[in-house]
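Visitor: sequence plus predicted model, see below.
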Amino acid sequence: MTDRSAVDTIRGYFYQFDLTILSVLRLTSPEDSIEIECVEDIDIRTATEVTATQCKYYAKTEYNHSAIKDAVKHMVSHFKESLVGTKPKICYSIRGHYAAGQDKLDDGIDVDFLKKHFLTYSEGKGASKVTRYHHSELGLSDADLKEFLKRITIDVRAKEFDEQYREVLDAVRVIFGATPFSAEYFYYNNALAVIRELAIQAVPADRTITKKEFLARVDTSTILFNEWFVDKKGKKTHLAALRREYFTELNVSPYERFFLIEADANSYVRRDLKDLLFELSRKWAKLSKREPSPFCPYVHVQGLPDGELLALKRELSTEGFKLIDGHDFQGADFDYHSITQKATHGNGIKIKVLNTLADVEQTVDAITKTRRIYQFHLGSSYFHYDKSAVRHVKIQVEQLSDIKSII
């Protein structure tokens, strides 16, 4: 597969996933459900009917009847089984986007058109070439095919890729009352992760979800590092958008900022973490003589190997990078009064290190100024603080360098 065709294939997957998300968001009842890739790409189940939908995205291809022929034949076969009672009675839908040729269906589809263009096909070549009639082999009468046409909807003018994506984001904003950023980076990102997880389940029952369940799983407060979402946006664009949303301030306010960082013990390199701490201090500390309200950030590092945090602090101190950690002398208990002392140009405190999550919580609780927590996690989030007075942003990342790109 060439790079170009690979991109087109990936866009086709995203198009189908976006249609799936849009379909579940548009369900009327909380108990209505979708089933992913059961009869077709998407099965939509309401209290009164089931609709099997196949989705095709060919933005560079002209529509020809052959493009949906196999899909129609498959649906007719299912329809036959529903007539004899071996499969449930359902409705059918084909949605496709094409570069041109949509007018070939403008006059509608009757029984003769259905038989000629969708159910008649050839097998073999030359003298062995045989014409086959799918409807005849299934034993379907014209009356049966007329009934089938009542159950199928074919739309070859489905929305273009970006237009459908905007529809998804608009629906998300309405349902969750979201901002444009949160609609895309929280809710859509999470929705994509839910659909992808469902799609890979082996058992059909595990690929089914109600609207109520879907909304509950999507409504989380963590920005997931979803590979599909990041691929769609591009990693550089993804990280830049997070930076613009949370870490771009023309005049940095003297808030109490807590940066919670998770390190991967398997790939941890001390100099990488040191560089990140230097960058946090450089950008999020204001310690000049003329600063009326000087401040510096709090930092907690999760997941360091035993003894590494002490070695890191010792090395930073030796290099003249002054820090405090709330312990005033060897063996002293943690004291939030000590850690919350003001960092100034005079005392040279560049960063405040919180050794444990318990220290983080105690310190956040003790402060009455504006507080913000920025938690960066590799897997699941590891710190839960959900008091309304404190803004708590949770962002999943792949590696420490991602954090540096975001902040």
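Guide: Thanks, I have the structure now.

Visitor: contacting residues for the spatially closest residue to Glu160 that is not a sequence neighbour?
Guide: Once flanking residues are discounted, Glu160 sits nearest to His97: 6.0 Å by CB to CB, 6 or more residues apart in numbering. Using the backbone N, CA and C atoms, a C-beta is placed for each residue, glycine as well. By CB atoms under 8 Å, 6 or more residues apart in numbering, His97 lies in contact with Tyr15, Lys56, Tyr57, Tyr58, Ala59, Val156, Arg157, Ala158, Lys159, Glu160, Phe161.

Visitor: equivalent analysis for Asp231, please.
Guide: Ile10.

Visitor: so it, which of the three states?
Guide: Per DSSP: H, G, I helix; E, B strand; the rest coil, the local secondary structure of Asp231 is helix.

Visitor: what distance do you get for the residue nearest to Glu160 to Lys233?
Guide: 21 Å (CB to CB, to the nearest Å).

Visitor: what's the answer for Glu213, then?
Guide: From Glu213 to Lys233 the distance is 26 Å (CB to CB).

Visitor: picking up where we left off before, could you point out the helix or strand that follows the helix or strand where the residue nearest to Glu160 lies?
Guide: Under the criterion of DSSP states H and E, His97 resides in strand 91-100. Next helix or strand after strand 91-100 toward the C-terminus (DSSP H and E): helix 111-114.

Visitor: phi and psi next, for Leu260.
Guide: Main-chain torsions, Leu260, degrees, to the nearest 10: phi -100, psi 120.

Visitor: list the contacts of the closest residue to it other than its chain neighbours.
Guide: Closest residue in space to Leu260, ignoring its immediate chain neighbours: Gln375 at 4.2 Å, by CB to CB, 6+ apart. Residues in contact with Gln375 (CB under 8 Å, 6+ apart) are Leu260, Ser381, Tyr382, Phe383, His392, Val393, Lys394, Ile395.

Visitor: the third one and Ser182, how far apart?
Guide: Think Tyr382. Tyr382 is 22 Å from Ser182, by CB to CB.

Visitor: with neighbour numbers in mind, choose between these two.
Guide: Just comparing Tyr382 and Ser182: by other CB atoms under 10 Å the higher neighbour count belongs to Ser182, 18 against 15.

Visitor: can you pull out the helices in the stretch 251-400 of the chain?
Guide: Here the stretch 251-400 of the chain has its helices, by DSSP state H, counting those that start in this stretch, at 270-284, 308-318, 336-339, 357-366, 400-406.

Visitor: how about the stretch 1-150 of the chain?
Guide: 3-25, 66-84, 111-114, 134-138, 142-151.

Visitor: if I read this right, Tyr385 contacts Glu361, doesn't it?
Guide: Yes - Tyr385 lies in contact with Glu361 (CB atoms under 8 Å); the separation is 6.5 Å.

Visitor: please identify which of these two sits among more neighbours.
Guide: Using other CB under 10 Å, the more surrounded residue of Tyr385 and Glu361 is Tyr385, with 17 against 14.

Visitor: which residues sit in contact with the nearest residue to Ala366 once chain neighbours are set aside?
Guide: Nearest non-adjacent residue to Ala366, counting by CB to CB, 6+ apart: Tyr336, 4.5 Å away. Residues near Tyr336 by CB under 8 Å, 6+ apart: Gly326, Asp359, Gln362, Thr363, Ala366.

Visitor: could those residues be laid out in JSON lines, adding distance to Tyr63 and pLDDT?
Guide: JSON lines is the format used below for those (distance: CB to CB, whole Å; pLDDT from 0 to 100):
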{"residue": "Gly326", "distance to Tyr63": "68", "pLDDT": "95"}
{"residue": "Asp359", "distance to Tyr63": "63", "pLDDT": "97"}
{"residue": "Gln362", "distance to Tyr63": "65", "pLDDT": "97"}
{"residue": "Thr363", "distance to Tyr63": "63", "pLDDT": "97"}
{"residue": "Ala366", "distance to Tyr63": "66", "pLDDT": "95"}
